[in-house]
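S.K.: Make a model of this:
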Amino acid sequence: MLRTADRPMSRIGLTKWSFLLRNVTASAGAFAFFDFVPYHYGPFSFTLYQGAGKLEDVGLISVDGDQWAIGNVKP
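M.R.: Down below sits the predicted model:
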């Protein structure tokens, strides 16, 4: 999704995008990749944040405060 956006995105924005994608995409009974729980600013996914942490560890995304971006480029 960050590659599609072609710009850094806030964690909240990316979480909301992921939530919408999960809920509007027909899964035909398949396993949903992220589970979401209600939170202060809308849906929250522990698995999304865990996955983002792993992507940051291997250098595929960069995290700067509240912004996530592709690669090691500072948002």
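S.K.: List the contacts of S45.
M.R.: T15, S18, F19, F34, D35, F36, V37 (Cβ atoms under 8 Å, 6 or more residues apart in numbering). All C-beta atoms are positioned from the backbone trio N, CA, C, and that covers glycine.
S.K.: Check pLDDT for these and point me to the minimum.
M.R.: The pLDDT minimum for these sits at F34, where the score is 83.
S.K.: how about stretch 3-11: buried residues?
M.R.: P8, M9, R11 (16 or more other Cβ atoms under 10 Å).
S.K.: Before we move on, what's the pLDDT of the first one?
M.R.: As summarised for this prediction, P8 has a pLDDT of 92.
S.K.: before we move on, the earlier item: tell me the one of the contacts of S45 nearest G71?
M.R.: The shortest approach to G71 among the contacts of S45 belongs to S18, at 19.4 Å (Cβ to Cβ).
S.K.: What are the phi and psi values at the closest one?
M.R.: Taking degrees, to the nearest 10, you get phi -60, psi -40 for the backbone angles of S18.
S.K.: The residue nearest to I70 when sequence neighbours are not counted: neighbouring residues, count only.
M.R.: Using Cβ to Cβ, 6 or more residues apart in numbering and skipping the chain neighbours, the partner closest in space to I70 is L2 (5.0 Å). Neighbourhood size, L2 [other Cβ atoms under 10 Å]: 20.
S.K.: I'd assumed S62 was in contact with L2.
M.R.: No - in this structure L2 lies outside contact range of S62 using Cβ atoms under 8 Å: 9.9 Å.
S.K.: what do the two both touch?
M.R.: Counting by Cβ under 8 Å, 6+ apart, the shared contacts of L2 and S62 are W68, A69, I70.
S.K.: From the contact counts, what lies against the host helix or strand of the second one?
M.R.: Translated: A69. Secondary structure assignment for A69, by DSSP states H and E: strand 67-70. With contacts taken as 3 or more Cβ pairs under 8 Å, 6 or more residues apart in numbering; DSSP states H and E, strand 67-70 sits against helix 2-5, strand 9-10, helix 11-24, strand 61-64.
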